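Structure here, sequence nowhere to be found:
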């Protein structure tokens, strides 16, 4: 009786949306897919466990492996102490969203599923491509059809360790980041009710959400939890630098050890890139010039202005800004203009191009940029020079030192994290044509 009441309730609320979806999804009208009952949940759970592929199983185990207790060390640089480099510990997991194998498997499907978006063309995997660096390989990321993005897409590998996500630190968790990306106007552009209606048309999702979260019908808020749980398995804790810091003194080459000394000394990288994540998660203006595409292409310029308007820009800044204000809109203080959160150096071997707008193509170019004191090859620097960090000064590195530093940067990445793309479950109408007609009476 309860199941019947729930079905009638859902039907009365979603009938108009379902009618549209039956046409939009080009599905045939067949018998309704009933919500799962308690009696079949045991069998469902057993079957879903078998579906967890070995790749995911290995990632789950590696992400949660305990780390032996280490002594907190610091590095002294120009009279100031910074947190020393550390190996990554077990992935942090929020108390209200524990990791389970079934949730990871669901999250993987949803990560690759365009139904969580506007026109179904922009799943998470569209801007975080597994085959590259789990990021987007162009200077600025792909945008929703008819738009473009305005910033470089960062890798999601190890993103579970960040306390501040996005370049301006606007999200504090992977759950909120997933929601922000899927619903952002120039990203996923999705609407919650439509996304939920799509999920409700997929029997496999209905069963999975019921099994994992207790949802009678999939709730989009739990979709973000599943995606975040999957992303918490995309961590890399077996890099050469991790092995070295855990006691394997043969994990780094002689060149890399010399590069480490430069990293912590003459090159001054440790001032911002420190700790286990190789990021202090603070905000800096390091001199990155604006992307020239804003000067020559109308669509990126339109997106840039649109984003400034949406974030609360005043008219003067909206009309005259030639460079991304960065974290400025988080507090609207003049000294915040042009500042962005320090990105981790982990997995950077696979995430070119670099910086918030992708204007630096290779890691060698990044080293040259810092060596020149935050100045690009063409002599340009930040559009907000008054806020350029005092840490950014010419370094005077030799060619040999640059080579050694690049060798050390390579130690922050192991082999690529590769996963087989899932075969996504198919649609199936929740209600028959007869039920829909009766609901309209």
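Received it, and whenever you're ready, just let me know what you need. From a predicted model like this one, the values you see are computed outputs, not experimental measurements.

Contacts for the strand or helix carrying residue 107, please.
Secondary structure from DSSP states H and E places residue 107 in helix 101-111. Residues outside helix 101-111 that contact it (CB atoms under 8 Å, 6 or more residues apart in numbering): 45, 48-49, 51-53, 56-57, 59-60, 116, 123-125, 205, 208-209, 211-212, 223, 225-231, 233, 419, 422, 424-425. Glycine gets a C-beta too; all of them are placed from N, C-alpha and C.

and if we set it to 7 Å?
Residues outside helix 101-111 that contact it (CB atoms under 7 Å, 6 or more residues apart in numbering) are 45, 48-49, 51-52, 56, 60, 116, 123-125, 208, 211-212, 223, 226-227, 229-230, 233, 422, 424.

One more: stretch 149-159?
127-128, 133-136, 139-143, 165, 167, 174, 186-187, 231, 234-236, 277, 300, 303-304, 307, 343-344, 346-347, 351, 353, 355-358, 417.

picking up where we left off before, now the buried members of the contacts of helix 101-111.
48, 52, 56, 60, 116, 123-125, 208, 211-212, 223, 226-227, 229-230, 233, 422, 424 (16 or more other CB atoms under 10 Å).

Give me the subset of the residues you listed lying in strands.
Of the positions in these, not one sits in strands, assigned by DSSP state E.

returning to what we had before: buried stuff in the helix holding residue 107?
In helix 101-111, counting by 16+ other CB under 10 Å, buried: 101, 102, 103, 104, 105, 106, 107, 108, 109, 110, 111.

just stretch 53-62 next, same as before
In stretch 53-62, the ones that count as buried by 16+ other CB under 10 Å are 56, 59, 60.

Do a quick rundown of the helices in the stretch 201-350 of the chain.
203-213, 220-231, 240-245, 254-263, 293-296, 298-310, 315-320 (DSSP state H, counting those that start in this stretch).

Could you name the stretch from these that's closest to residue 94?
Among the helices of the stretch 201-350 of the chain, helix 220-231 comes nearest to residue 94, with 8.4 Å by CB to CB.

what is the rounded mean pLDDT of that closest one?
For helix 220-231, the mean pLDDT works out to 98.

most centrally placed residue in the chain?
Taking CA atoms, centre = their mean, the centroid of the chain lies closest to residue 156, which sits 3.9 Å from it.

Please report the distance of it from residue 111.
9 Å (CB to CB, to the nearest Å).

same thing with residue 95?
23 Å.

quick one: low-confidence parts of the chain?
Scanning the chain for pLDDT under 70 picks out 1-51.

if you go through it in chain order, where are the strands?
Under DSSP E, the chain gives strands at 74-77, 80-83, 283-284, 340-341.

can you pull the buried residues of stretch 355-370?
355-360, 363, 365-370.

contacting residues around residue 352?
For residue 352, the contact set (CB under 7 Å, 6+ apart) comprises 361, 362.

can you rerun that using 8 Å?
Residue 352 touches 133, 137, 361, 362, 363, counting by CB under 8 Å, 6+ apart.

so what's the backbone phi/psi at the nearest residue to the third one once chain neighbours are set aside?
In this structure, residue 361 finds its nearest non-sequential neighbour in residue 353, 4.9 Å apart by CB to CB, 6 or more residues apart in numbering. Dihedral angles of residue 353 (phi, psi; degrees, to the nearest 10) stand at phi -80, psi 180.

Surely residue 353 touches residue 141?
No. The pair residue 353 / residue 141 is not scored as a contact, 11.2 Å apart, by CB atoms under 8 Å.

Counting neighbours around each, name which of the two comes out higher.
Neighbour count, other CB atoms under 10 Å: between residue 353 and residue 141, residue 141 has more, with 22 against 19.

and the closest residue in space to the more buried one that isn't next to it in sequence, how many neighbours?
Take residue 141 and drop its neighbours on the chain: the residue closest to it by CB to CB, 6+ apart is residue 153, 3.5 Å away. Applying other CB under 10 Å, we find 26 residues neighbouring residue 153.

Look up how far residue 352 lies from residue 153.
12 Å.

what do you get for residue 426?
For residue 426 relative to residue 352 (CB to CB), the value is 37 Å.

likewise residue 105?
Distance from residue 105 to residue 352, by CB to CB: 31 Å.

ok, for residue 180, nearest residue in space, not its chain neighbours?
residue 171 (5.6 Å).

I figured that neighbour hits residue 163, correct?
No. Look at residue 171 against residue 163 with CB under 8 Å: they stay out of range, at 10.0 Å.

Would you mind telling me which of these two has the busier surroundings?
The neighbour comparison of residue 171 against residue 163 (other CB under 10 Å) goes to residue 171, with 18 against 12.

for the more buried one, what are its contacts?
So residue 171 contacts 164, 165, 177, 180 (CB under 8 Å, 6+ apart).

could you dump the residues you listed to CSV with distance to residue 257 and neighbour count?
Output for these, formatted as CSV (distance: CB to CB, whole Å; neighbours: other CB atoms under 10 Å):
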residue, distance to residue 257, neighbour count
164, 31, 18
165, 33, 22
177, 36, 22
180, 41, 16
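
For stretch 325-337, which outside residues touch it?
Contacts for stretch 325-337 (CB under 8 Å, 6+ apart): 167-170, 283, 285, 308, 311-313, 317, 338-341, 356, 384, 387.

Narrow those to those that are buried.
Buried, going by 16+ other CB under 10 Å: 167-170, 283, 285, 308, 313, 338-341, 356, 384, 387, out of the contacts of stretch 325-337.

quick one: which two of the residues you listed are the most distant?
Across the buried ones among the contacts of stretch 325-337 (CB to CB), the longest gap, 20.0 Å, separates 313 and 341.

Excluding sequence neighbours, find me the nearest residue to residue 260.
In space, residue 260 is closest to residue 408, 5.1 Å off (CB to CB, 6+ apart).

Apologies, that question was intended for residue 307.
residue 150 (5.5 Å).

can you check residue 111 too?
That would be residue 124: by CB to CB, 6+ apart, it lies 4.6 Å from residue 111.

Residue 294 contacts residue 301, doesn't it?
Yes. Here residue 294 reaches residue 301: they are 5.2 Å apart, a contact under CB under 8 Å.

Looking at the two, which is more packed in?
residue 294 (21 against 15).

give me every residue that touches that one.
Applying CB under 8 Å, 6+ apart, the residues near residue 294 are 300, 301, 304, 322.
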